[in-house]
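>>> For reference, the sequence and a predicted model appear below.
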Protein chains: 2
Amino acid sequence: MMPPAFDRLTDLLKRFPGLGYRSAERLAMHLLVEHRDQLDTLVDRLKTAAEEVSVCPICGNISEGDAPCGICTDPARDESVLCIVEQIPDLIAIERSGAWRGRYHVLGGKLSPIHGVGPNELNFTQLLRRLAEGNISELVLALSNDIEGQATCHYIQEEIIQGRPIRLSRIGFGLPSGGGVTFADSVTLRSALDGRRSYS
Amino acid sequence: MMPPAFDRLTDLLKRFPGLGYRSAERLAMHLLVEHRDQLDTLVDRLKTAAEEVSVCPICGNISEGDAPCGICTDPARDESVLCIVEQIPDLIAIERSGAWRGRYHVLGGKLSPIHGVGPNELNFTQLLRRLAEGNISELVLALSNDIEGQATCHYIQEEIIQGRPIRLSRIGFGLPSGGGVTFADSVTLRSALDGRRSYS
């Protein structure tokens, strides 16, 4: 019933993360009927971003052109400590918190044999290369609080560190800020109790 | 911290309906890092849709080229009854139900003085033109169950019908399919009670 070009657009949009059938249709309508001017702007910005944005060859963050990213080239950031994250949005969330002044390494996921993600699917080769350069004294694992995150931490400890004199730590888990005990799930509460600290 | 082209893309995406800050960032990452091939496909489909999709000059539905839409040109649809909707997605939802075999008229919104939407902002001129042609015997108002929907129905009754021999009805309101009384809000329950029918 709808024009084929409309259906082909919504078919694509609905496969994007965070968009379902109705929201894809709503978005296509917004761009084609209600705010046609924004469609050209979107096409322009997509094309510019495709030309200008790339992946940092050092850490896997997004970057400009073929150059290393702003964090890898920032001399004010401590290059001896790396925060290991699964995905770029994790890095962005940590940057937003302002709580980390070292550098990063983006793995591109976590080990998950059931989803076909083994060590070769993650960015370990480049991590080994960075460790081999010898300037790194600590890795902070900021990976998920689940079985797959745990497996990835274990793999890094056993296969990547391999007796190098590098401190390894994992970010804390527990009750989120503003969260009450009543509303926390069992895994979170177990993490919070396991991670209790002396209160003085 | 992010490349300017990335920020300009997410700034635009997050203003689109159904997308917030995080989901815009997630979508940009999907297109720029994880599935770069889909970015070109998206640009192509947006440009094709912009060229091929237009608004039906008769009813306000989306259409192809400058031609009237598939519903307005379908001889099997009853042209004497019009279903009046606020937006194209309402039309799509009704079409999906298969419950309407007449034609449509898309107003482009509902009267809402507080949001600056008066009669001139809605597609009443074209509705009056269609009524003046004399083939229409009934309008079915499929407008929201709220004050603004009510105001729009009232306006159509008073200012558009103006004594013409046209039946006017409004779709039924009440408990949605599968919905229990416990979970229904007060406005819905009031509509359901007001709209009760003899049970025999």
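Now that the structure is in, tell me what you want to look at.

>>> When you work out contacts or count neighbours from here on, use the C-alpha atoms and nothing else.
Will do.

>>> name the helices or strands packed onto the longest strand anywhere in chain A?
Taking DSSP state E as the assignment, the strand of chain A that covers the most residues is strand A:78-85. Helices and strands touching strand A:78-85, as assessed by 3 or more CA pairs under 8 Å, 6 or more residues apart in numbering or on different chains; DSSP states H and E, comprise strand A:102-106, strand A:138-142.

>>> Now do the helices in chain A.
Remark: helices assigned in chain A by DSSP state H are A:4-13, A:21-29, A:36-52, A:88-97, A:124-132, A:147-155, A:186-194.

>>> now what about the first one, what contacts it?
Going back to what we said before, that points to helix A:4-13. The contact list for helix A:4-13 (CA atoms under 8 Å, 6 or more residues apart in numbering or on different chains) reads A:19, A:21, A:24-25, A:28, B:42, B:45-46, B:48-49, B:52-53.

>>> Could you work out the most separated pair of those residues?
By the measure CA to CA, the contacts of helix A:4-13 have their two most distant members at A:L19 and B:E52, which lie 23.4 Å apart.

>>> middle-most residue in chain A, spatially?
Closest residue to the average C-alpha location of chain A: A:Q87 at 1.8 Å, with CA atoms, centre = their mean.

>>> Which residue, neighbours along the chain excluded, lies closest to that one?
A:G108 (5.2 Å; CA to CA, 6 or more residues apart in numbering or on different chains).

>>> I figured that neighbour hits A:N123, correct?
Yes: here A:G108 lies in contact with A:N123, judged by CA atoms under 8 Å, at a distance of 6.4 Å.

>>> roughly how far is stretch A:78-91 from the heart of the chain?
Put simply, stretch A:78-91 sits 9 Å off its chain's centre (CA atoms, centre = their mean, to the nearest Å).

>>> same question, stretch A:19-35
27 Å.

>>> for it, what is the average pLDDT?
Mean pLDDT, computed over stretch A:19-35, is 90.

>>> wait, does that stretch contact chain B?
Yes: with CA under 8 Å from any CA of the partner chain as the criterion, chain B is reached by stretch A:19-35 at A:23, A:25-27, A:29-30, A:32-33.

>>> Return the members of these classed as buried.
A:23, A:25-27, A:29-30, A:32-33 (16 or more other CA atoms under 10 Å in any protein chain shown).

>>> which among these gets closest to B:C72?
Distance to B:C72 across these (CA to CA) is lowest for A:V33, with 17.8 Å.

>>> which residues does that closest one contact?
B:54-55, B:62.

>>> Repeat the analysis, applying 6 Å as the threshold.
Not one residue lies near A:V33 by CA atoms under 6 Å, 6 or more residues apart in numbering or on different chains.

>>> Which residues does the lowest-mean-pLDDT helix or strand in chain A contact?
In chain A, no helix or strand scores lower on mean pLDDT, DSSP states H and E than helix A:186-194, which sits at a mean of 79. Here helix A:186-194 makes contact (CA under 6 Å, 6+ apart) with A:173-174.

>>> quick one: stretch A:127-140 to chain centroid distance?
The answer for stretch A:127-140 is 19 Å, by CA atoms, centre = their mean.

>>> surely A:S137 meets A:L168?
No: applying CA atoms under 6 Å as the test, A:S137 and A:L168 come out as separate, 8.8 Å apart.

>>> possible to save the contacts of helix A:4-13 as JSON lines with distance to B:Q150?
Putting those into JSON lines (distance: CA to CA, whole Å) gives the following:
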{"residue": "A:L19", "distance to B:Q150": "32"}
{"residue": "A:Y21", "distance to B:Q150": "29"}
{"residue": "A:A24", "distance to B:Q150": "29"}
{"residue": "A:E25", "distance to B:Q150": "26"}
{"residue": "A:A28", "distance to B:Q150": "28"}
{"residue": "B:L42", "distance to B:Q150": "40"}
{"residue": "B:R45", "distance to B:Q150": "38"}
{"residue": "B:L46", "distance to B:Q150": "36"}
{"residue": "B:T48", "distance to B:Q150": "38"}
{"residue": "B:A49", "distance to B:Q150": "35"}
{"residue": "B:E52", "distance to B:Q150": "35"}
{"residue": "B:V53", "distance to B:Q150": "32"}
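
>>> what about burial for the residues you listed, which qualify?
Here, 16+ other CA under 10 Å leaves A:19, A:24-25, A:28, B:42, B:45-46, B:48-49, B:52-53 buried among the contacts of helix A:4-13.

>>> quick one: which of those is nearest A:H115?
Looking across those and measuring by CA to CA, the closest to A:H115 is A:L19, at 21.9 Å.
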